[in-house]
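Engineer: fold the following for me, if possible:
(chains A and B)
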Amino acid sequence: MVPESYYVALSAILFCIGVLGVLVRRNPLVIFMSVELALNAANLALVAFGRRHGSLDGQALVFFVMAVAAAEVAVGLAIIVVIFRVRQRLSVDDLSAMRW
Amino acid sequence: MSYVAFFLIAALALGAALGLVLKKNAIHGALFLVVNLGSIAALYLMLGAEFLAAAQIIVYAGAIMVLFVFAIMVLIPGKEETGPDPRRAYRMLALPVAGVLFLEVIIVLLARVGSAPRAAVSPPVAGSPAAASIPAAAGSVEALGRIIFTDYLLPFELTSVLLLAAMVGVLLLARRRA
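Structural biologist: You can find the predicted model right below:
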């Protein structure tokens, strides 16, 4: 059996790659996908910690994270669509105002 | 044997994650993300979380990624990130920031995971490996369902309200104003 610390290390690396993607990319859709990547890394860590403790609470938590992520993606993509409709282009550098 | 599988899947997940961050094309990024999500589902299987592996494929690789690809197809003409980046210097600051974050995570993990003795986290029998108290693979889905519908019943119901609210909100947001 692979020790849980390997999974946690992998999840740390994936999380940092996700954060890097959020910071370096200009396209809000790709930024959003990087957020999903980081969320998944956190999920992996939760499952690994759950196995280490021999409890299923981590898995239950991951289940809720998935549901919330689905809601988040739906709302976020709708917001991006609205922004695109108003601005006709899609770059995070343009979006410096909270309202216009 | 399981080490070989773990490192193969981990390499796949890491490569796909890097592909998502480095590739210019958003569609390629979405496909890389699908690969990454699938390999994480495989890791869930190796961790004994069968239900989550299935949910990962269905919810993430199925529903969420279809939504992403759909949005990319609708929105992106394919030329969003071409051309010179006017703020390249600032964006390159992300590399040291991510490096520092990674170091921080590793230090935290080494301090906590590395030093905590296994007996301390598995209360019932001192000295027995924590793996012994994991429910059998066949009962995992059943036990998880039992936990979700007893201990986590209120969060479960709140999740359904949240999904309904998100659905209504999306309809309101995406409505075309006449």
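Engineer: list the contacts of residue A:2.
Structural biologist: Taking C-beta atoms under 8 Å, 6 or more residues apart in numbering or on different chains, we find residue A:2 in contact with B:2, B:3, B:6, B:46. For glycine as for every other residue, the C-beta is placed from the backbone atoms N, C-alpha and C.
Engineer: give me the helix or strand of chain B that scores worst on average pLDDT.
Structural biologist: Across the helices and strands of chain B, the lowest-confidence element by mean pLDDT, DSSP states H and E is helix B:118-121, at a mean of 47.
Engineer: could you give the mean pLDDT of stretch B:154-173?
Structural biologist: Taken as a whole, stretch B:154-173 has an average pLDDT of 93.
Engineer: what does stretch A:69-76 give?
Structural biologist: Per-residue pLDDT over stretch A:69-76 has a mean of 92.
Engineer: hmm, that stretch in reach of chain B?
Structural biologist: Yes: remark: stretch A:69-76 sits within contact range of chain B at A:69, A:70, A:71, A:72, A:73, A:74, A:75, by C-beta under 8 Å from any C-beta of the partner chain.
Engineer: from those, which single one is nearest residue A:5?
Structural biologist: residue A:69 (25.3 Å; C-beta to C-beta).
Engineer: quick check: the closest one touching residue A:33?
Structural biologist: No: between residue A:69 and residue A:33 there is no contact under C-beta atoms under 8 Å: 11.8 Å.
Engineer: tell me which of the two has more neighbours.
Structural biologist: The residue with more neighbours, out of residue A:69 and residue A:33, is residue A:33; 27 against 19, by other C-beta atoms under 10 Å in any protein chain shown.
Engineer: any idea how far the closest residue to that one other than its chain neighbours lies from residue A:18?
Structural biologist: Nearest residue to residue A:33, sequence neighbours excluded (C-beta to C-beta, 6 or more residues apart in numbering or on different chains): residue B:33, at 5.1 Å. Separation of residue B:33 from residue A:18 (C-beta to C-beta, to the nearest Å): 10 Å.
Engineer: overlap in contacts, these two.
Structural biologist: A:36, A:37.
Engineer: one step back: separate out the buried members of the contacts of residue A:2.
Structural biologist: When the contacts of residue A:2 are checked for burial by 16 or more other C-beta atoms under 10 Å in any protein chain shown, the buried set is B:6, B:46.
Engineer: for the contacts of residue A:2, work out which two are farthest apart.
Structural biologist: Using C-beta to C-beta, the contacts of residue A:2 span at most 10.6 Å, a distance reached by B:3 and B:46.
Engineer: quick one on the thing from earlier: so which of the contacts of residue A:2 are also by chain A?
Structural biologist: B:2, B:3, B:6, B:46.
Engineer: hang on, the last one packs against residue B:4?
Structural biologist: Okay, so that is residue B:46. No: judged on C-beta under 8 Å, residue B:46 makes no contact with residue B:4 at a distance of 11.5 Å.
Engineer: so what touches the helix or strand following the least confident helix or strand of chain B?
Structural biologist: Next along the chain after helix B:118-121, taking DSSP states H and E as the criterion, comes helix B:140-150. Residues outside helix B:140-150 that contact it (C-beta under 8 Å, 6+ apart): A:56, A:57, A:59, A:60, A:63, B:48, B:49, B:50, B:51, B:135, B:156.
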